[in-house]
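>>> sequence first, then the predicted structure:
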Amino acid sequence: VQFVESGGGVVRPGGSLRLSCAMSGFTVTDYGAVWVRQAPGRGPEWVSSINTADSIYYADSVRGRFTFTRDNRKSTLYLQMNSLKLEDTGRYYCARRRIVGDYSLYDYWGQGTQVVVSS
């Protein structure tokens, strides 16, 4: 199982980026997925997730600006990020989500891609 993120970079406030996460080694429609970010000196922050029914959820901090999609044919996740803010700076990770009983487990992660929003 592999997750490989790409698409990060440096952008000015108000700009856009599209992150990609290529998945392999499993049937992507059998699992949910998540985007998590980590800003310098801070803990991980959940950004968005998708479940096996293709329902998508967003953190309040990104709702209306970020769009999470999944292309099952390409086994790829995308995170379209618009109207970027300074506080969106961080390393962005994608991960696989498994449901075990009442719990969500994130059992496989990519290496992350760096996003820097700077004026």
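It's in.
>>> for the residue nearest to residue 114 when sequence neighbours are not counted, what are its contacts?
Of all residues not flanking residue 114 in the chain, residue 8 sits nearest, at 4.6 Å (Cβ to Cβ, 6 or more residues apart in numbering). (Each C-beta comes from the backbone N, C-alpha and C, glycine too.) Neighbouring residues of residue 8 by Cβ atoms under 8 Å, 6 or more residues apart in numbering: 17, 19, 91-92, 113-116.
>>> could you do residue 45 as well?
Per Cβ under 8 Å, 6+ apart, neighbours of residue 45: 36-39, 59, 61, 90.
>>> which one of those is nearest residue 12?
residue 90 (16.3 Å; Cβ to Cβ).
>>> bridged to the closest one, which residues?
residue 115 (DSSP bridges).
>>> pretty sure it is in contact with residue 115, am I right?
Yes. Assessed by Cβ atoms under 8 Å, residue 90 is found in contact with residue 115 at 6.2 Å.
>>> name the residues contacting each of these two.
residue 37.
>>> which residue ends up closest to the midpoint of this protein in space?
The centroid of the chain falls nearest to residue 35 when counting by Cα atoms, centre = their mean (2.4 Å).
>>> wait, that residue touches residue 50, no?
No. Applying Cβ under 8 Å as the test, residue 35 and residue 50 come out as separate, 9.1 Å apart.
>>> give me the common contacts of the two.
Going by Cβ under 8 Å, 6+ apart, residues that sit against residue 35 and also against residue 50 are 68, 77.
>>> in stretch 37-48, what counts as buried?
37, 47-48 (16 or more other Cβ atoms under 10 Å).
>>> could these be laid out in CSV, adding pLDDT and distance to residue 77?
Converted to CSV, these look like this (pLDDT from 0 to 100; distance: Cβ to Cβ, whole Å):
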residue, pLDDT, distance to residue 77
37, 98, 14
47, 98, 12
48, 97, 10
